[in-house]
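Colleague: would you be able to build a 3D model of this:
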Amino acid sequence: SMECCASSNFIKGLLYFLENKVDVNICWNGTNPLFYACAFGQVDAVKLLLSLKDIKPNIKDSQGIFNHFFFNLNPLFHCIENNQPRCLHELLKIKDLSIKCSINGQEVSSFLFAAQEGFTECIAELLNYPSVDVNEKNANDWTALHAAAQGGHLETVKYLCQSKNIIIQPKDKDGIFFYF
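Modeller: From the prediction side, this is the model:
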């Protein structure tokens, strides 16, 4: 299947499917091969799939492909969930890429998600995307700095503190300052 080819970077297999007019946006769980290429860090497959005019980079999975707790994620979140900054770099070249998703009815920022997980290289890539704000807050007024510190991710905290325009002592909705 195309998703197997994408997850293993089997470019000849992907090309075979494409030459035979297989719909690149149809998979059994509401995904497309781009999800698998992103999740497994297959940069060449990501580049090939993104070169297709009919690929849907903002499509959301309907069942969760790797994490049964979360679904409704797009390929960008699967890059971050699996710490794949090189694939994320390719995805971020897309204009109008959705960088937020809804998980369990709550809007989730890819940037805050990456900080929470301590994926500093993904954060570096996201900060290059025009609509990402280093001081973005979630529903509780937590920033990436809060999320990284709460997760115990020292290198991510250090990286964020060196970021342009960062507010080093953001307050949450209860007026509590971040101290590290």
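Colleague: quick one: mean pLDDT for stretch 163-177?
Modeller: Averaging the model's pLDDT scores along stretch 163-177 yields 76.
Colleague: same check, this time on stretch 142-159
Modeller: The predicted model gives stretch 142-159 an average pLDDT of 92.
Colleague: point out where this structure drops to low pLDDT.
Modeller: Residue ranges of the chain with pLDDT under 70: 27-29, 62-71, 103, 170-172, 176-180.
Colleague: now do the helices in it.
Modeller: 2-7, 11-19, 33-39, 43-50, 75-81, 85-91, 110-117, 120-126, 144-150, 154-161 (DSSP state H).
Colleague: for Asn135, find the nearest of those.
Modeller: Between Asn135 and the helices of the chain, the shortest gap by CB to CB is with helix 144-150, which sits at 8.2 Å. C-beta: built from backbone N, CA, C; applies to glycine.
Colleague: ok, back up a step: which of the helices of the chain sits closest to Ile167?
Modeller: Ranking the helices of the chain by their distance to Ile167 (criterion: CB to CB) puts helix 144-150 first, at 8.0 Å.
Colleague: next up, the contacts around Ile59.
Modeller: Applying CB atoms under 8 Å, 6 or more residues apart in numbering, we find Ile59 in contact with 25, 30-32, 34, 74-75.
Colleague: same thing but at 6 Å, please
Modeller: Contacts for Ile59 (CB atoms under 6 Å, 6 or more residues apart in numbering) come out as Asn32.
Colleague: deepest-packed of the helices of the chain, please.
Modeller: Neighbour counts (mean count of other CB atoms under 10 Å) averaged over each of these peak at helix 33-39, with a mean of 29.
Colleague: other SSEs contacting that helix?
Modeller: Contacts of helix 33-39 with other secondary structure elements, assessed using 3 or more CB pairs under 6 Å, 6 or more residues apart in numbering; DSSP states H and E, are made with helix 2-7, helix 43-50, helix 75-81.
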